[in-house]
Structure formats: structure tokens, C-alpha cells
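Asker: Structure of the sequence below:
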Amino acid sequence: MDHNEAGRFWNDSAESWTMLARAGYDVYRDHLNTPAFFAMLPNVEGLSGLDIGCGEGFNTRLLAERGARMNAIDISSVFISYAQQAEEEMPRGIAYQVASAVDLPFADASFDFAASFMTLMDVPETDRALAECYRVVKPGGFLQFSIAHPCYDTPYRRNLRDDQHRTYAIEVAKYFEGSEGEVDEWLFKAAPAHARQGLRKFSIPRFRRTLSFWLNLLIDTGFRLEHVEEPRPSDETVAACPELQDAQVVAYFLHMRARKS
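Answerer: Below is the predicted model:
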């Protein structure tokens with residue numbers, strides 16, 4: 001499977017994804033992943049930035065609210081349509097366009113930074129995507145991205161819960177086998193039945209890589225690793241959003257920032 005075929009799966013899933021996410025059912029994003037990403041992000045006020053794999057533009061808008069001058073791309077025309085609609089309704093100066101992460105339609109050294117939220121792990125040509133990130137960032141600029149944690153997003157994973165339905169362990173296996181386009185079908189678990197009714201399930205191809213793959217790819221591409229985080233929700237966050245309790249047991253997400261020399 002190449003990036004074009006993977007993109008068709010995402011385009012087919014974009015309508016359901018946007019509806020449920022905008023209704024507040026992407027709780028891991030809203031209450032853990034995105035807040036942690038922005039807590040780690042350097043000051044971007046006045047900087048030019050590119051959001052790679054922007055989806056319907058949720059995080060792009062937050063970057064613009066931080067004062068960055070944003071461009072954004074996604075391979076899904078449905079996602080871009082929703083993002084542009086939001087820009088028309090509440091302008092933030094964001095330029096969106098349909099494009100692939102492996103063929104960015106920008107000149108070399110166009111941006112002070114690039115950001116990618118939970119996207120690069122879904123590109124089968126991972127090396128080409130990282131090379132494109134490196135190419136479009138100015139010398140001295142940075143790439144910050146989040147991915148599913150390679151150690152816990154394995155082909156086999158089972159959530160072990162006690163009699164009170166609280167997670168006490170995550171059982172994982174087949175870490176070294178990875179995945180090359182196996183398709184998972186699901187919807188956000190936080191969405192109640194009435195919200196899911198009539199919606200098409202997400203059909204998402206998986207391209208799982210090891211942790212060493214990601215680290216070595218960053219180094220081989222020319223980036224200098226600068227900061228790493230494994231977000232964990234606080235007790236206060238879990239009290240407000242109990243669905244996140246399992247994310248206190250293992251790290252579901254990995255955030256990395258790397259600098260172009």
C-alpha cells in the first residue's frame with residue numbers, strides 16, 4: 001500500500017471522524033494528546049509554520065491562535081473541505097490545500113517549523129515523509145510531531161481491567177512484526193450509540209514501526225533530536241474524564257521535537 005491508497009481510506013473516514021471529533025468524542029486528543037503537545041511546543045508567535053496531515057484543522061487553528069502564520073496540508077479532500085469551511089467562518093489566516101506528506105508542494109526552507117499531529121505514523125513511505133519535513137524547514141528550524149507510542153501500539157494489544165473496570169495492565173505482543181497496511185475499523189469509544197448511529201466506521205491502515213526505527217530515521221535524515229515526551233494524564237484529568245484512566249498505566253503517545261542543523 002502506498003500513500004495514495006492509504007489516503008483514500010482516510011478520505012472515506014473523514015466525514016465520520018470530523019463529525020465525532022467536533023462533537024467532543026475524541027477525548028484522548030482533547031484532554032491529553034493535544035494539551036501535552038502544546039505544553040512542549042516552543043514559542044511560535046510570528047513564525048511561519050506548516051501543519052502536515054492537518055485533518056479538519058483543529059490543531060492548525062490552535063497553532064494560529066499561538067500567533068504562527070500557518071499553512072496546512074492533508075491528503076484527504078474531505079478533511080480539507082471542512083478545514084476551509086472553518087477558516088471561512090472564523091478566519092485565522094490559514095492556507096489549506098490537498099497534498100501528500102511525501103510530496104509537499106513548497107520550496108526548500110519555506111518554514112520556521114513544521115508540526116504533525118498523529119499523522120506521520122500513517123504514511124507508509126515514512127522515510128520520504130521525514131525527508132520532506134526536513135527539506136521544507138529552514139536551517140535552525142524544528143519539526144515537532146506526535147505518533148502512537150511504538151511500544152504500546154502493537155499488532156496485538158489487550159487492555160486488562162479489574163472488577164471495577166479500571167485498567168491495571170496493557171498486554172502487548174508482536175512488537176517486532178509491525179504492520180504494513182492492515183486495516184482497523186472502529187469509532188471513538190467515548191461516542192454514545194446515538195452519536196455513532198448511521199456513521200461509517202473509520203477504516204484506518206496501520207504502518208507500525210519500532211521505536212529504534214523512528215529514532216534512527218530522524219538521525220539519518222539529518223535532524224538533531226531535541227526533546228521527547230510521553231504524555232500521561234493527571235489524576236485531576238482522569239477525574240474529569242475517566243475514559244483516560246488507562247493512559248496512566250502505559251504511554252499511548254510519543255511526542256518528539258527535532259531541530260534542523
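Asker: can we go C-alpha only for contacts and neighbour counts from here?
Answerer: Fine.
Asker: where does residue 220 fall, phi/psi-wise?
Answerer: Here is the backbone geometry of residue 220 (degrees, to the nearest 10): phi -70, psi -30.
Asker: Tally up the residues packed near it, please.
Answerer: The local packing count at residue 220 equals 13, with neighbours defined by other CA atoms under 10 Å.
Asker: Against residue 183, how distant is it?
Answerer: Using CA to CA, to the nearest Å, residue 220 is found at 29 Å from residue 183.
Asker: cool, residue 36 as well?
Answerer: Taken as CA to CA, the spacing of residue 36 relative to residue 183 amounts to 28 Å.
Asker: Comparing those two, which shows the higher neighbour count?
Answerer: Residue environment comparison for residue 36 versus residue 183 gives the larger neighbour count to residue 36, 20 against 15, counting by other CA under 10 Å.
Asker: Spatially, what comes nearest to the more buried one if we skip its sequence neighbours?
Answerer: By the measure of CA to CA, 6 or more residues apart in numbering, the closest residue to residue 36 outside its immediate chain neighbours is residue 231, 6.1 Å from it.
Asker: and if you look at residue 52?
Answerer: Ranked by CA to CA, 6+ apart and with sequence neighbours excluded, the top spatial neighbour of residue 52 is residue 116, at 4.9 Å.
Asker: Which strand or helix spans the one you found?
Answerer: Secondary structure assigned from DSSP states H and E places residue 116 in strand 111-117.
Asker: Quick check, pLDDT for the spatially closest residue to residue 138 that is not a sequence neighbour.
Answerer: If you skip the residues right next to it in sequence, residue 138 has residue 109 as its closest partner in space, 4.0 Å away by CA to CA, 6+ apart. In this model, residue 109 is scored at 98, pLDDT.
Asker: next one: stretch 44-55 to chain centre, how far?
Answerer: Between the centre of stretch 44-55 and the centre of its chain there are 13 Å (CA atoms, centre = their mean, to the nearest Å).
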